[in-house]
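J.: coordinates for the following, if possible.
(chains A, B, C, D and E)
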Amino acid sequence: MRLARVIGSVVATIKHEALQGRKLLMVQPIDPYGEDTGEQVIAIDQVQAGVGDRVLLLEEGTSSRQILHYENAPIRCVIVGIVDHVELAAQPASV
Amino acid sequence: MRLARVIGSVVATIKHEALQGRKLLMVQPIDPYGEDTGEQVIAIDQVQAGVGDRVLLLEEGTSSRQILHYENAPIRCVIVGIVDHVELAAQPASV
Amino acid sequence: MRLARVIGSVVATIKHEALQGRKLLMVQPIDPYGEDTGEQVIAIDQVQAGVGDRVLLLEEGTSSRQILHYENAPIRCVIVGIVDHVELAAQPASV
Amino acid sequence: MRLARVIGSVVATIKHEALQGRKLLMVQPIDPYGEDTGEQVIAIDQVQAGVGDRVLLLEEGTSSRQILHYENAPIRCVIVGIVDHVELAAQPASV
Amino acid sequence: MRLARVIGSVVATIKHEALQGRKLLMVQPIDPYGEDTGEQVIAIDQVQAGVGDRVLLLEEGTSSRQILHYENAPIRCVIVGIVDHVELAAQPASV
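T.: Residues are numbered from 1 along each chain as shown, chains lettered A, B, ... in the order given. Below you'll find the predicted structure:
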């Protein structure tokens, strides 16, 4: 899983039937300090996330289909949690 | 899923039988602002997408084969929707 | 597997039921010399790792679910070992 | 799938039995304009590709094993087509 | 598969039971010219590779578990061959 922030939504009239009626959110992966990191992906929402929320982003096909109870869904990214806060060590640990 | 734009097509006479008769589109992943991001991939079209269309690109083998109803297809990338528009928050949300 | 360092933890009240009661750790992939490399991920702990520990990070859905004995868990990253030390060749080998 | 160019071959006397007797080609992913992009991978040839050929490169384990009719093969990359040409839009489409 | 070079080993006393008794090697992916490329990974050895060897690195969960005859092993990277040499075209092929 990765940390991400919901930045918008995607509207697509023509799409695969498994995607009909599902809300597609545009999410931006972020690091623990809130900075953008990596490319935006389009995810299905499972926790009523809204724009601006920090979320737990799961990127894996098998898990995603199981969560949605839809075995053949062409889906790979799902939002599985809303993050309250991230606790970080005060200093980078010495290695 | 990722946002992508169809930029062309690929012609291959010699290819695996599972690819015979399928249209191979060259797609460029893009960010929500329309900028290129990441490497181009070759995808199978399932929604009659054309050059210039913004599309939903699915990159995962199991889903792709299920969509095509062809269990052994050597296929990993499929276009599963045509994007009408992307709604973005006016400002990056504070974190 | 990759080498990583535990840098913190993530608190999420609203989350998928499969994640209830599980400790979510924020980990930073590192190279053998201890330098950060690549993006942070959120992993489930299976070896009582703590902040500052160097760990073995497994990133794959099927394995992760098997380790947790929870077939439908929306989980992809698991900490499967605590690293005592890394032995490196004195010089890069000639190729 | 990705576009790639065959740049050489790999000789390995000691290898897993599933790889015995298979030709291992070194391929360089390229973009539609012929420029190198990303890291070289080692692939199994299924279409009699030769050095210099532009090819369709499939990178996914399940598909690869099905194409080779060898269920347990430790194989992830297979060449599944030889590219005749790539047709690109004259201009990047406006978004 | 990718080309890699064994650069060291990893010692972890506390680890998942499936990893007990297995030798964990630190490997550095390299390009065909011997230059480092990409991040180091931790792999299981199946061909008696040693530090300095150039090897064939397989990165995929399903294959890895099948090679090890251990269905639930939390393993994703396995060394499946030792490379004798890489033959490259004298000149980059024209495209």
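
J.: and the gap between A:Leu19 and B:Gln46?
T.: Distance, A:Leu19 to B:Gln46, by C-beta to C-beta, to the nearest Å: 11 Å. For every residue, glycine as well, the C-beta is placed using N, CA and C.

J.: oops, could you answer that again for A:Gly81 instead?
T.: A:Gly81 is 31 Å from B:Gln46, where distance means C-beta to C-beta.

J.: more neighbours, the two?
T.: More crowded of A:Gly81 and B:Gln46, by other C-beta atoms under 10 Å in any protein chain shown: A:Gly81, with 26 against 20.

J.: run through who's touching the helix or strand harbouring the more buried one.
T.: If you go by DSSP states H and E, A:Gly81 is part of strand A:77-82. The contact list for strand A:77-82 (C-beta atoms under 8 Å, 6 or more residues apart in numbering or on different chains) reads A:1, A:4, A:6, A:25, A:27, A:41-47, A:49, A:53-59, A:63-64, A:67-68, B:1, C:12-16, C:19, C:74.

J.: try 7 Å
T.: For strand A:77-82, contacts defined as C-beta atoms under 7 Å, 6 or more residues apart in numbering or on different chains pick out A:25, A:41-47, A:49, A:53, A:55-59, A:64, A:67, B:1, C:12, C:14-16, C:19, C:74.

J.: those residues in strands, which ones?
T.: Among the contacts of strand A:77-82, the members falling in strands are A:25, A:41-45, A:55-59, C:14-15 (criterion: DSSP state E).

J.: so which helix or strand of chain A has the lowest pLDDT on average?
T.: Of the helices and strands making up chain A, the lowest-confidence element is helix A:61-67, at a mean of 57, by mean pLDDT, DSSP states H and E.

J.: including pLDDT and neighbour count, could the ones in strands among the contacts of strand A:77-82 go into TSV?
T.: Shown next, in TSV, are those (pLDDT from 0 to 100; neighbours: other C-beta atoms under 10 Å in any protein chain shown):
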residue	pLDDT	neighbour count
A:Leu25	95	24
A:Val41	93	20
A:Ile42	94	25
A:Ala43	92	27
A:Ile44	88	21
A:Asp45	89	19
A:Val55	96	29
A:Leu56	93	25
A:Leu57	92	25
A:Leu58	86	28
A:Glu59	80	18
C:Ile14	89	15
C:Lys15	87	23
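
J.: if we look at chain B, which of those are close to it?
T.: Filtering those for proximity to chain B by C-beta under 7 Å from any C-beta of the partner chain leaves A:Val41, A:Ile42.

J.: so which of the ones in strands among the contacts of strand A:77-82 is the closest to C:Tyr33?
T.: Proximity of these to C:Tyr33 (C-beta to C-beta) peaks at A:Glu59, which lies at 28.2 Å.

J.: any idea what that closest one is bridged to?
T.: When bridges are called by DSSP bridges, A:Glu59 pairs up with A:Cys77.

J.: thought it was touching A:Arg76?
T.: Yes: here A:Glu59 reaches A:Arg76: they are 6.2 Å apart, a contact under C-beta atoms under 7 Å.

J.: all set now, cheers.
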